[in-house]
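Colleague: give me coordinates for this.
(2 chains)
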Amino acid sequence: DAGVIQSPRHEVTEMGQEVTLRCKPISGHDYLFWYRQTMMRGLELLIYFNNNVPIDDSGMPEDRFSAKMPNASFSTLKIQPSEPRDSAVYFCASSFSGGPFSYNEQFFGPGTRLTVL
Amino acid sequence: KQEVTQIPAALSVPEGENLVLNCSFTDSAIYNLQWFRQDPGKGLTSLLLIQSSQREQTSGRLNASLDKSSGRSTLYIAASQPGDSATYLCAVSGQGAQKLVFGQGTRLTINP
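Modeller: This next block holds a predicted model:
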């Protein structure tokens, strides 16, 4: 398996522009997570999906952020309009809940480093 | 609200030493605990997952322990090597919840 795939790996944009980050989870996984990592705040969960349905978006910082999962193999995180304080590394992760004795180990993608000028 | 703390924030040791990284959490009602490794500019690699009913897990030179009642976990690395240099992150998930709460990590440097 190729693991969790994210694109682009690096994104540099100007304040006010729309940014779209993409993620392909591991095939067969039923949970997908979006995290953000900064030096100040560490790793924070933004939103997660189960079977393509958003379950908890309480970590999404504000209305400028939105996430979708149109099918089991693709998710996007969009920022519109972007601001310099959105600069961070954004990670996507996936896990498989399986049967009653699955332990939901999360597997992370390589991340997208976003710089907003 | 669950909080995870990792001490120390940074650690530098000579090659060959055995070492222990610490993780503590405030709410003992966890579902599992994961230890990750992060190399500079890279994603997170899962090292070990301990279920709430377990006390330890081993993988090669790594051993992770869990004491739920005291809210602590340790990651033991035996015979450290320069290739072990990385940031090690601890994360817990709560009962009935999938989301992980992360510590700030311990930046480990192994000197040849």
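Colleague: contacting residues for A:S95?
Modeller: Taking C-beta atoms under 8 Å, 6 or more residues apart in numbering or on different chains as the criterion, A:S95 is in contact with A:29-31, A:33, A:104-107, B:98. For glycine as for every other residue, the C-beta is placed from the backbone atoms N, C-alpha and C.
Colleague: quick test: name the residue nearest the centre of chain A.
Modeller: Compute the mean C-alpha point of chain A, and by C-alpha atoms, centre = their mean the closest residue is A:W34, 2.7 Å away.
Colleague: would you mind measuring from that residue to chain B?
Modeller: From A:W34 across to chain B, the span is 11 Å (C-beta to the nearest C-beta, to the nearest Å).
Colleague: confirm that residue sits in a strand?
Modeller: Yes. Under DSSP: H, G, I helix; E, B strand; the rest coil, A:W34 falls within a strand.
Colleague: any idea of the pLDDT on the residue lying closest to it once chain neighbours are set aside?
Modeller: Excluding its sequence neighbours, the residue lying closest to A:W34 (C-beta to C-beta, 6 or more residues apart in numbering or on different chains) is A:L46, at 4.4 Å. Looking at A:L46, its pLDDT stands at 96.
Colleague: likewise for the one 5 residues further on?
Modeller: The pLDDT attached to A:N51 in the predicted structure is 94.
Colleague: what do you get for B:G96?
Modeller: B:G96 is assigned a pLDDT of 64 by the prediction.
Colleague: which regions of chain B sit below the pLDDT cut-off?
Modeller: Scanning chain B for pLDDT under 70 picks out the ranges B:96-97.
Colleague: how about the residues of it near chain A?
Modeller: B:31-32, B:34, B:36, B:41-46, B:49, B:51, B:89, B:91, B:93, B:98-105 (C-beta under 8 Å from any C-beta of the partner chain).
Colleague: so which bits of stretch B:45-61 are buried?
Modeller: Residues of stretch B:45-61 classed as buried: B:46-50, B:52, B:57 (neighbour count, 16 or more other C-beta atoms under 10 Å in any protein chain shown).
Colleague: give me the subset of those lying in strands.
Modeller: When DSSP state E is applied, these are split such that B:46-50, B:57 fall in strands.
Colleague: ok, for A:F108, nearest residue in space, not its chain neighbours?
Modeller: That would be B:L44: by C-beta to C-beta, 6+ apart, it lies 4.1 Å from A:F108.
Colleague: what is that neighbour paired to in the beta sheet?
Modeller: Note on B:L44: beta-bridge partners B:Q38, judged by DSSP bridges.
Colleague: for it, give its distance to A:G111.
Modeller: 9 Å (C-beta to C-beta, to the nearest Å).
Colleague: any common contacting residues for those two?
Modeller: The contact sets of B:L44 and A:G111 overlap at A:F91 (C-beta under 8 Å, 6+ apart).
Colleague: which parts of the chain are strands?
Modeller: Reading this off chain A. Along chain A, counting by DSSP E, strands occupy A:5-7, A:10-13, A:19-24, A:31-38, A:42-50, A:53-56, A:65-71, A:74-79, A:88-95, A:107-108, A:112-116.
Colleague: switch to chain B, that's the one I care about
Modeller: Secondary structure of chain B (DSSP E): strands at B:4-7, B:10-14, B:19-25, B:30-38, B:44-51, B:56-59, B:62-67, B:72-77, B:86-94, B:100-102, B:106-111.
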